[in-house]
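Undergrad: Here is a sequence together with a model predicted from it:
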Amino acid sequence: MADIRSNELYNALKRLNRQIYRYAHQAMPPKAGLHRGQIHLLFLISRNDGVIQRDLADSMDIRPSSLTEMLIKLEQEAFVVRKQDEKDQRIMHIHLTAKGKAAVKGFTEANAKLTAAIFNCLMAEEIEKMLELVQKISENLETLDNPDSGTGNGRGRQPHGHHPHHHWD
């Protein structure tokens, strides 16, 4: 019985993810030509202006070369500036420009409206419990994905495109 309910929960979460993505895509304002990863990157930089490029790659769980490509595009569009560290020229600090700060502000306001609309059917206690459960599942998945934990599949995190996709419904 637990396996059936777990499968139902898995499918319900997949459906919910698609619904949220679809609603967010319709409800969010134009993204100034930015894709989701770039917007996420701008949010991360806004939380820690002057962040080191290597730390951003770790936070986003992407290869440093992929991050460099993203940053070059954002720099060309004047959302960010990259500055070399004065003491160690191998280190790059990333800063938002005024345009980048304005974009983050707009996305933050739109995101607040979006999340309020999505979760207005839940009481504060339900939101807290749901968040707790989602975090617990996320931690479990990270354990399964970590080759050092002894419980994972031994593959660890692999860059997108280097792992099989399973489509079970």
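TA: Nice, thanks for sending it over.

Undergrad: all contacts plus neighbour counts: C-alpha atoms, from now on.
TA: Noted.

Undergrad: what helices or strands is the longest helix along the chain leaning on?
TA: The longest helix of the chain (DSSP state H) is helix 2-27. With contacts taken as 3 or more CA pairs under 8 Å, 6 or more residues apart in numbering; DSSP states H and E, helix 2-27 sits against helix 98-119.

Undergrad: Only C-alpha atoms, please: export the helix it packs on in CSV.
TA: The C-alpha atoms that make up helix 98-119 are tabulated as CSV, following Å, rounded to 0.1, in the frame of the first residue of the first chain:
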residue,chain,number,x,y,z
ALA,A,98,21.9,49.3,-12.0
LYS,A,99,20.1,47.4,-14.8
GLY,A,100,20.7,44.1,-13.0
LYS,A,101,19.4,45.5,-9.7
ALA,A,102,16.3,46.8,-11.5
ALA,A,103,15.7,43.4,-13.1
VAL,A,104,16.0,41.6,-9.8
LYS,A,105,13.6,44.1,-8.1
GLY,A,106,11.0,43.5,-10.8
PHE,A,107,11.4,39.8,-10.7
THR,A,108,11.2,39.8,-6.9
GLU,A,109,8.0,41.8,-6.9
ALA,A,110,6.4,39.6,-9.6
ASN,A,111,7.5,36.4,-7.8
ALA,A,112,6.0,37.6,-4.5
LYS,A,113,2.6,38.1,-6.3
LEU,A,114,3.0,34.7,-8.0
THR,A,115,3.7,32.7,-4.8
ALA,A,116,0.9,34.5,-3.0
ALA,A,117,-1.5,33.5,-5.7
ILE,A,118,-0.3,29.9,-5.8
PHE,A,119,-0.3,29.3,-2.0
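
Undergrad: And the residue minimising distance to the centre of the chain, how far from Glu109?
TA: Closest residue to the average C-alpha location of the chain: His40 at 5.8 Å, with CA atoms, centre = their mean. Distance of His40 to Glu109, computed by CA to CA, to the nearest Å: 14 Å.

Undergrad: Flag the shaky bits of the chain, pLDDT-wise.
TA: Scanning the chain for pLDDT under 70 picks out 1, 29-32, 147-169.

Undergrad: okay, now Asp3: neighbour count?
TA: Applying other CA atoms under 10 Å, we find 8 residues neighbouring Asp3.

Undergrad: Next: Leu96.
TA: Using other CA under 10 Å, Leu96 has 24 neighbouring residues.

Undergrad: who are the neighbours in contact with it?
TA: Leu42, Ile45, Ser46, Asp49, Phe79, Val80, Val81 (CA atoms under 8 Å, 6 or more residues apart in numbering).

Undergrad: Nice, that's everything, thank you.
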